[in-house]
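Asker: just coords:
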């Protein structure tokens, strides 16, 4: 026969009376939330129960593994008993015993079921509808029962009827009224169905009865099949009473108290310093939210951030706490991570072996079910296999720095539902506490321009929120496409509004102070050149709109640099600046002389200095075209080219040709400008219109000339 002392010794507890009490698995050694008693009629001769979430099956399995209980006897699992097709009626009485309504359940041959309500029609019959407010099933019996009688609550009327047939006071958890005062001062036992929904219904009822009932216990039926209930259980009324008595016999101290701190204990104890993962920006043991516009470079920046903590080097001049780091992305493949890492290593001056065992990169791109949690209709959160795999991976490598990229793939709840967001951030906070480090979540702002999207819970739940923005425009409206700024938008433990300014350089991010003086000088010249080029083209387009031509000849009265310097759009730029811009744009092939720039009233084209036409475009209308084929208003002029001119970029020799920082994080190569032919106009609107030439249907004067395709 099993010995209680053996059970207590195996589980780290002791014998108290006729029970062995011990810690619930996963709780502290001081906990006494689970217990076992000898019950000859119970499986294995032992009855096990728990008051704080322990699974009696798992506890028995642990006792079997330790040799205290005999091995489990294999037998087929019980099955839920099928419901016989037909119609069932469940009458509801008020406190006077008068039937006021009844529920009609129809079980169909295919296994589905329907429910409806009926109420008396005052003529001995029934009509549809409940016809009254919700009320408890078997209410008169509950009111008549002694106040010390246990009230059993099952999930359904038929189950309550079975319990009543055993001589028990019973009701149903379905269709409950708002007023539950009838349970006041009573002991309640909830019998949930053996499935997830049953557990949720039981927990919700337990919460509703807090402060009303004297005591509420949830008792799960042993050996119940999946989705099974009291109707499928092979136990007796006495077996059920034994389970209930075991639950009531739990020691008063079996529920684990919350961890408490008495401030008086801090007398004479040195105040601990604030701990940071990134000094002043990322508090230790907290989740951090980082947002920024798409294509601003968040993914690259935070792969670099993880590299800095792995290598133990400052991040953009800010001290980091060294530690094993992991960057998990749902948007980039391994090859892209490799390319980025090579550029990051070069920018930081570190080698591949400096990261051995310290940095891990994970790509989940293209995988399904990357969400970390799901939410049911009541807003309750459940974690997913993906969360469990991330949790196991982080623990296995001993990571203290974690980046999750990004929220759109990992969060399956609603951003506008506060408790969804709060629960999700709580999950990440729990991970940060468990690893004694920090968890960074990357996200996007909404399209209205706010720094985060959805509920304000994103702002309120995190201890720190950081925002990545593009470089600000200067007074002339031209910005450096490579400039970035990181702002400490919501710090709970440091000064608000601190910012780091840095720039994209050679596929990594650097501060100006980290670049050699000659590179900084080149950058200043490049930014200024790009601004002057853009200003020149803007002024030139304005003259086209005003139907004025400009010239590249310095002796001409309409010399472009002098004309542009007098325009409001010049914004203080001198003629000398426009001259320099004109020479650069000539060199780039973006402007040329003798270009058709606008169409006169007599349908001829005025020519002058204008945007250069590519071979394909020169056979069609110039850029200064009417927008009728674009859906615009007839006669509306569109001077902007079909592709934006490539800006200068920083290099070894001033401002060579090339492209700047990618406008899309996933661009792997420099974007190339592709000529876009302009179709859809009438033949007489063609630049090469010749009334003496007869065209076939569908042809145009601007169709490519024979042999052009080979050039």
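Answerer: Structure received. What you see is a predicted model; the values in this text were computed from it and never measured.
Asker: all strands in the stretch 301-450 of the chain, in order from the N-terminus.
Answerer: 325-329, 359-363, 373-375, 381-383, 401-405, 438-443 (DSSP state E, counting those that start in this stretch).
Asker: among those, which is nearest residue 501?
Answerer: Residue 501 lies closest to strand 438-443 among the strands of the stretch 301-450 of the chain, at 20.2 Å (Cβ to Cβ). Yep, even glycine has a C-beta here, placed from its N, CA and C like the rest.
Asker: Quickly run through the sheet partners of that closest one, with directions.
Answerer: Note on strand 438-443: by DSSP bridges, its sheet partners are strand 286-292 (parallel), strand 401-405 (parallel).
Asker: Report the angle between that strand and strand 325-329.
Answerer: 20 degrees (axes from the mean of the first three to the mean of the last three Cα atoms, to 10 degrees).
Asker: and the residue nearest the centre of the chain, what is it in contact with?
Answerer: In the chain, the residue lying closest to the centroid (Cα atoms, centre = their mean) is residue 407, at 2.6 Å. Residue 407 makes contacts with 441, 442, 443, 444, as judged by Cβ atoms under 8 Å, 6 or more residues apart in numbering.
Asker: Please report how far it lies from residue 444.
Answerer: From residue 407 over to residue 444 the distance is 8 Å, taken as Cβ to Cβ, to the nearest Å.
Asker: nearest to residue 556, of the strands paired with strand 438-443?
Answerer: Proximity to residue 556 (Cβ to Cβ) singles out strand 286-292 among these, at 47.8 Å.
Asker: Now the closest one: average pLDDT?
Answerer: Average pLDDT, strand 286-292: 89.
Asker: any idea how far that strand is from the chain center?
Answerer: Centroid separation for strand 286-292 versus its chain: 11 Å, with Cα atoms, centre = their mean, to the nearest Å.
Asker: which residues touch it?
Answerer: Identification of contacts with strand 286-292 by Cβ under 8 Å, 6+ apart yields 281-282, 298, 302, 425, 428-429, 431-432, 438-445, 451-452, 458, 461-469.
Asker: Next: stretch 216-227.
Answerer: For stretch 216-227, contacts defined as Cβ under 8 Å, 6+ apart pick out 42-43, 56, 77-80, 187-195, 198, 202-203, 206, 209-210, 228-230, 232-235, 240, 243-244, 247-248.
Asker: which of the residues you listed count as buried?
Answerer: 42, 56, 80, 187-195, 198, 202, 206, 209, 228-230, 232-233, 235, 240, 243-244, 247 (16 or more other Cβ atoms under 10 Å).
Asker: Show me this structure divided up by domain.
Answerer: 4-65, 86-233, 276-514, 519-677 (automatic domain parsing).
Asker: My read is that residue 322 contacts residue 312, right?
Answerer: Yes - contact criterion Cβ atoms under 8 Å: residue 322 and residue 312 qualify, at 3.8 Å.
Asker: and residue 170, what are its phi and psi?
Answerer: phi -140, psi 150 (degrees, to the nearest 10).
Asker: Show me what it is bridged to.
Answerer: Note on residue 170: beta-bridge partners by DSSP bridges are residue 152.
Asker: Over to residue 403?
Answerer: residue 327, residue 440.
Asker: can you pull the contacts of it?
Answerer: Going by Cβ under 8 Å, 6+ apart, residue 403 touches 302, 303, 305, 306, 325, 326, 327, 328, 440, 442.
Asker: got it, and residue 69?
Answerer: Taking Cβ under 8 Å, 6+ apart as the test, what residue 69 contacts is 2, 44, 46, 60, 63.
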